[in-house]
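Peer 1: Below are the sequence and a predicted model for it; my questions follow.
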Amino acid sequence: MDQNKKLLAIVLLADAADHDLIVSQQQERRAPSNAARPMFSHELSAQVRFADIEDDVDAAVTEATTALEELHAEVKDLVNQELFGESEEVTPVEAQTAIHGLTSNQPEQIQEAESRVALLIAGLLAAAYIAGGRRVLEEASRQGVSVDSGAAELPVEAFLPQATAVAQHPWRRITGKLDADLSSQDVLIRERVSVQEIEKTLDDIQIDGSRDQAKQATQSSAGRGRIDTVSSAPELEPDRVWASELMDGNQCTSCETVDGRRFTDWEEARRFYPNGYYYRCRGGARCRGTLIAVFE
């Protein structure tokens, strides 16, 4: 066997061993479902249960998505009604006029629906914030640190700006996409636009973008809860602190570089993760990285 084949064989064996270790850690609920590497030794020492953190976020996002799906459907029905009424066809100019009227003067029923969804999502974000703090308290307890303080809490109102932006996404996405389609040259040169065509366009607008917005808000809230709880609990004095991007299965190059970095102290670590995720992540709040600590 020549040298290149030997190196390839070593790499393949290492990859197989890593895969087996990842699966084992997932079965133990230490690693998340999308783990792309085995846990580092300091992550094991910190007693982190990444699968639990993942479950907290996923449960909140699932509940938010259900509310957003209902809002999506309501927006689509209203838009379709405003464009066509009882007609089967309209001219492109009539369709454009209708959609422009909607975008400049949002109907009250949609405003009320968005407010209801925003309040629900704000509650979910507040709960995710608390859950993030509770998870880090559990880690400290598993390390043998006795903590009398509870998880950090913030009022629901503190999360309303994020939640409102999430709740407004269906309206912005649906009306924006329809406006762009109705302004295209291939539509403008036609005599009529049918209700079936618009229904097809509306059906093609999926919930994914709105769900992504909800997930970003939830992940950042959970990450902030972890960090704020450590910062506010007098019993928690991090002895060693690292960045962990284990939960980010699709790392950008920035997050890949910071993964496993050990910080000088907690204050330095917070500067890298000021809002619950790595500040240089190219995906912004899509980052699933967080800080982990071994306490004294």
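Peer 2: In hand now; what should we look at?

Peer 1: Distance check, the closest residue to Glu54 other than its chain neighbours against Phe295.
Peer 2: Excluding the flanking residues, the one nearest Glu54 by C-beta to C-beta, 6 or more residues apart in numbering is Pro32, at 4.4 Å. From N, CA and C alone the C-beta is placed, and that goes for glycine too. The spacing between Pro32 and Phe295, counted by C-beta to C-beta, to the nearest Å, is 22 Å.

Peer 1: what ranges do the helices span in the stretch 151-296 of the chain?
Peer 2: Here the stretch 151-296 of the chain has its helices, by DSSP state H, counting those that start in this stretch, at 160-182, 185-188, 195-204, 208-232, 253-258, 266-272.

Peer 1: Tell me which of these lies nearest to Ser149.
Peer 2: Ranking the helices of the stretch 151-296 of the chain by proximity to Ser149 (C-beta to C-beta) places helix 208-232 first, at 7.1 Å.

Peer 1: In stretch 277-289, which residues are buried?
Peer 2: By 16 or more other C-beta atoms under 10 Å, the buried positions in stretch 277-289 come out as 277-278, 281, 283, 285-289.

Peer 1: could I get those residues as JSON lines with pLDDT?
Peer 2: Formatted as JSON lines, the buried residues of stretch 277-289 follow (pLDDT from 0 to 100):
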{"residue": "Tyr277", "pLDDT": "94"}
{"residue": "Tyr278", "pLDDT": "94"}
{"residue": "Cys281", "pLDDT": "95"}
{"residue": "Gly283", "pLDDT": "92"}
{"residue": "Ala285", "pLDDT": "92"}
{"residue": "Arg286", "pLDDT": "92"}
{"residue": "Cys287", "pLDDT": "93"}
{"residue": "Arg288", "pLDDT": "94"}
{"residue": "Gly289", "pLDDT": "94"}
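
Peer 1: Pick out whichever of those residues sits closest to Ala59.
Peer 2: Nearest to Ala59 among these, with distances taken as C-beta to C-beta, is Arg288, at 15.4 Å.

Peer 1: so what's the closest one up against?
Peer 2: Residues in contact with Arg288 (C-beta atoms under 8 Å, 6 or more residues apart in numbering) are 219, 245, 247-249, 277.

Peer 1: now it: how far from Leu102?
Peer 2: In terms of C-beta to C-beta, Arg288 sits 36 Å off from Leu102.

Peer 1: Kindly report the same for Ala31.
Peer 2: As for Ala31, its distance to Leu102 is 47 Å (criterion: C-beta to C-beta).

Peer 1: out of the two, which sits in the busier spot?
Peer 2: With neighbours defined as other C-beta atoms under 10 Å, Ala31 and Leu102 compare such that Ala31 has more, 26 against 21.

Peer 1: Just want the angle from the helix or strand that contains Thr97 to helix 195-204.
Peer 2: Element membership for Thr97 (DSSP states H and E) is helix 92-104. Relative orientation of helix 92-104 versus helix 195-204 (axes from the mean of the first three to the mean of the last three C-alpha atoms, to 10 degrees): 40 degrees.

Peer 1: Would you mark the buried spots in helix 92-104?
Peer 2: Neighbour-count burial for helix 92-104, counted by 16+ other C-beta under 10 Å, picks out 92, 94-96, 98-99, 102.

Peer 1: Likewise for stretch 129-149?
Peer 2: Buried-residue list, stretch 129-149, by 16+ other C-beta under 10 Å: 129-140, 145, 147.
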